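Colleague: return a 3D structure for these sequence lines:
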Amino acid sequence: MKNEKIIFLLVVCLTCAGCSTKSREKQLNNRIITDMAGRQVEIPAKITSAFIDRHSVQMVYAFDTMLAVNRVFNYTETEKKFLKKSFYENKPYAIESSAEEIVQLKPNIIFYSAFITPENTEKVNLLQKKTQIPVVVINSDIFEYKEALRFLGDILNKEEKAKELIGFIETYIDPALAKGKTISGKKKKKIYYAEGLQGLKTDPSGSVHSLLIDLVGGINVAEVDILPGKGMTNVSLEQIYVWNPDLILVWSGNFDEMDSYKYIKTDLSWKKLKAVRNNYVYQVPWRPFGWIDRPPGINRLIGIIWLSNLLYPDIYNYGNLIGITKEFFSKFHHYNMTDEETLEILNPQP
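Modeller: Residues are numbered from 1 along each chain as shown. Okay, the predicted model is just below:
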């Protein structure tokens, strides 16, 4: 009986020792962070794979071109030119996937980029519960990009890269946003943001999809309701004539054919519009991601520079626009552009 008690105690001690070892290993391999929604999340100390959504794709890519287990866009060949193959090759197209699909991809973290609202926090908590994979919220507010980059740099153990990216914002974007607030009165140009195959969809002031027009000092002429989600409110050509914009920005999707731009430039029904008549119709750059929208992510940083220079070159006075664009692509897209490539991407319209 005495021997049996000794054996029992030995088993208990060994079991406790094993549990203690596993606990210590877990502590070494994981850490608890507070994400940008204020949620405490236990994540791997070293993140090696991640499921990403469309709003976080560009920011994650800036840090690590191989981290994503999924692809959130079908890239054209001209877009792929500016992206590392490791980012899109052999990656399944997966957006807003079911919990089961995400689990099958075996990421050790999920990045969810969104505005910080109770509804979005509830969605994230539910997704984490279903997948049993840590979900980390990144604030998608353009005014929080520096903090978002700092946050990602910390959890990805890439603090120096974060400082480099934040430095770009402090050097070029912060001064641009400050100048945008000084433009007033008659100096402001009236802009129509043309979306859809025939340019008869748009997003008004206050929409995340057309935000850059407001930020750089333009007047968004569209007087329509903001649609949630992907936006794009239907309008008539008669309305556009009443609004009488000085300049038209065109989003033709990520298609090299630029059908929407060509339609507006050549269709007779648009010909008498002042902006078309004066040749102030501009295709928004889209390689490798939309520059002012689609998705409304960190690629809008270079969009701020492009659009502000297009509208008010004398006010913003960037000097070396080619150099700034090349710097952005090098730091955020890991691509070193030639001057010829830069000019082509800055001026996509034929």
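
Colleague: please make it C-alpha for all contacts and neighbour counts, starting now.
Modeller: Will do.

Colleague: which of the helices or strands spans residue 145?
Modeller: Element membership for residue 145 (DSSP states H and E) is helix 145-155.

Colleague: check which helices and strands the host helix or strand of residue 340 sits against.
Modeller: Residue 340 is located in helix 339-346, with elements delineated by DSSP H and E. Judged by 3 or more C-alpha pairs under 8 Å, 6 or more residues apart in numbering; DSSP states H and E, helix 339-346 is in contact with helix 321-333.

Colleague: now do the buried residues in the helix it packs on.
Modeller: By 16 or more other C-alpha atoms under 10 Å, the buried positions in helix 321-333 come out as 321, 322, 324, 325, 326, 327, 328, 329, 331, 332, 333.

Colleague: contact partners for the last one?
Modeller: Read that as residue 333. Shown in contact with residue 333 (C-alpha atoms under 8 Å, 6 or more residues apart in numbering): 61, 62, 82, 83.

Colleague: return the member of these nearest to residue 310.
Modeller: Distance to residue 310 across these (C-alpha to C-alpha) is lowest for residue 82, with 23.0 Å.

Colleague: what pLDDT is listed against that closest one?
Modeller: pLDDT recorded at residue 82 is 96.

Colleague: what are the ranges of the strands in the chain?
Modeller: 30-34, 40-44, 51-52, 110-114, 135-139, 190-194, 201-202, 219-220, 233-234, 247-250, 281-283 (DSSP state E).

Colleague: just the ones you listed: most buried one?
Modeller: Highest mean neighbour count of the strands of the chain: strand 51-52, a mean of 28 (counted as mean count of other C-alpha atoms under 10 Å).

Colleague: show me where pLDDT drops low in the protein?
Modeller: Residue ranges of the chain with pLDDT under 70: 1-28.

Colleague: domains in it, by residue range?
Modeller: 29-156, 181-346 (automatic domain parsing).

Colleague: would you reformat these as CSV and include distance to residue 169?
Modeller: Converted to CSV, these look like this (distance: least, C-alpha to C-alpha, whole Å):
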stretch, distance to residue 169
domain 29-156, 7
domain 181-346, 8
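
Colleague: quick revisit: what does the helix holding residue 145 rub up against?
Modeller: For helix 145-155, the surrounding residues in contact (C-alpha under 8 Å, 6+ apart) are 35-36, 45, 47, 59-60, 63, 138-140, 158-163, 165-166, 169, 298.

Colleague: gap between residue 188 and residue 195?
Modeller: Counting by C-alpha to C-alpha, to the nearest Å, the gap from residue 188 to residue 195 is 22 Å.

Colleague: so these two - more neighbours on which side?
Modeller: More neighbours surround residue 195 than the other of residue 188 and residue 195, with 21 against 16 (other C-alpha atoms under 10 Å).

Colleague: hmm, back to that, would you turn the buried residues of helix 321-333 into JSON lines with distance to residue 285?
Modeller: Listed next are the buried residues of helix 321-333 as JSON lines, based on distance: C-alpha to C-alpha, whole Å:
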{"residue": "321", "distance to residue 285": "14"}
{"residue": "322", "distance to residue 285": "14"}
{"residue": "324", "distance to residue 285": "15"}
{"residue": "325", "distance to residue 285": "12"}
{"residue": "326", "distance to residue 285": "14"}
{"residue": "327", "distance to residue 285": "17"}
{"residue": "328", "distance to residue 285": "14"}
{"residue": "329", "distance to residue 285": "13"}
{"residue": "331", "distance to residue 285": "18"}
{"residue": "332", "distance to residue 285": "16"}
{"residue": "333", "distance to residue 285": "15"}
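
Colleague: residue contacts, residue 177?
Modeller: Taking C-alpha under 8 Å, 6+ apart, we find residue 177 in contact with 215, 216.

Colleague: show me where the stretch 251-350 of the chain has its helices.
Modeller: With DSSP state H, counting those that start in this stretch applied, the stretch 251-350 of the chain shows helices at 259-266, 274-277, 300-311, 313-316, 321-333, 339-346, listed in chain order.

Colleague: so which of the ones you listed gets nearest residue 116?
Modeller: Per C-alpha to C-alpha, nearest to residue 116 of the helices of the stretch 251-350 of the chain: helix 300-311, 19.3 Å.

Colleague: which residues are contacting that closest one?
Modeller: Contacts to helix 300-311, defined as C-alpha under 8 Å, 6+ apart, come from residues 169, 172-173, 176, 189, 212-213, 215-218, 290-293, 316-318, 325, 328, 346.

Colleague: how close does the nearest residue to residue 346 once chain neighbours are set aside sit to residue 347?
Modeller: Using C-alpha to C-alpha, 6 or more residues apart in numbering and skipping the chain neighbours, the partner closest in space to residue 346 is residue 285 (6.6 Å). Note on residue 285: its distance to residue 347, by C-alpha to C-alpha, is 7 Å.

Colleague: of those two, who's got more company?
Modeller: residue 285 (26 against 13).

Colleague: re earlier: so who does the residue nearest to residue 346 touch?
Modeller: Residue 285 is in contact with 291, 345, 346, 347, 348, counting by C-alpha under 8 Å, 6+ apart.
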